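> no sequence for this one, just the structure:
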Ligand code: AR6
């Protein structure tokens, strides 16, 4: 466990620097998907590449999804049993963007909870190609998940996996402030 982890209502929150496709100890990872649930770039490209072509075939029948929504599939060749695909808001286009981003985090964790999964990994949804500024996005993410933590019975670990160390530091700072 990271020394920087935060406990809230029996749920551990942690922020690490790393690659979302390389989280071998997590039951489920979250994809920053596009509406068509197809590979694309960024997180979605990396997840589809690691999962293999069966993931896109499975996703085909579930698409399209709208901003704020989440759907679950198997993980195929990923080290994780499942993937939850979320469509984040495009910043400046899908409004209200903060509520739609909060919906993503809430829907993803509730889906994990419903499936009885204990550990979940998130990338910073919408903060890449979709242009959502990192700090307000982190505030929405942690406000939503910290508030939801008292309702969780199965999910015990929520990990944020940030590509850049500066993004990990920012998330850690926001998490510590909001959890305090
Ligand atoms: N692991 C962890 N974080 C990553 C990784 C990775 N392997 N790769 C990128 N990031 P994005 P979005 C970070 O663009 O903004 C795609 O093309 C990245 O630095 O993946 O929700 C889809 O097809 C950024 O901070 O997701 C969609 O069309 C964050 O993850 C669209 O982009 C999210 O970046 C979705 O855009």
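It's in. Everything numeric in this text was worked out from a predicted model, so none of it was measured. Numbers count the residues shown, from 1 in each chain.

> mind naming the longest helix for the protein?
The residue-count maximum for a helix in the chain (DSSP state H) belongs to helix 97-114.

> chain center to that helix, what's the gap?
Centroid separation for helix 97-114 versus its chain: 9 Å, with CA atoms, centre = their mean, to the nearest Å.

> quick check, it touching the ligand?
No - for helix 97-114, no contact with the ligand is found by CB under 6 Å from any ligand atom; the gap never falls below 9.0 Å. Glycine gets a C-beta too; all of them are placed from N, C-alpha and C.

> who does that helix touch, helix- and strand-wise?
Contact partners of helix 97-114 among helices and strands, from 3 or more CB pairs under 8 Å, 6 or more residues apart in numbering; DSSP states H and E: strand 70-74, strand 82-86, strand 119-122, helix 134-148.

> got a list of what the closest residue to residue 10 other than its chain neighbours touches?
Take residue 10 and drop its neighbours on the chain: the residue closest to it by CB to CB, 6 or more residues apart in numbering is residue 156, 6.8 Å away. Counting by CB atoms under 8 Å, 6 or more residues apart in numbering, residue 156 makes contact with 10-12, 118-119.

> out of those residues, which are buried?
The neighbour-count test (16 or more other CB atoms under 10 Å) marks 11-12, 119 as buried among the contacts of residue 156.

> what stretches of the chain score poorly on pLDDT?
Residues of the chain meeting the criterion pLDDT under 70: 1-3.

> near the ligand, which residues of this protein are found?
With the criterion set to CB under 6 Å from any ligand atom, the chain comes near the ligand through 19-21, 32, 34, 40-44, 46, 88, 123-130, 161, 163.

> the same query, at a cut-off of 5 Å, please.
Contact residues of the chain with respect to the ligand, defined by CB under 5 Å from any ligand atom, are listed as 19-20, 32, 34, 40-44, 46, 88, 123-124, 126-130, 163.

> of those, just the buried ones, ChimeraX syntax please.
Burial among those is assessed by 16+ other CB under 10 Å; the matching ChimeraX selection reads:
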select :20,32,34,40,42,43,44,46,88,123,124,126,127,128,130,163
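
> so which of the residues of the chain next to the ligand are in helices?
The subset of these that ends up in helices is 42-44, 46, with DSSP H as the criterion.
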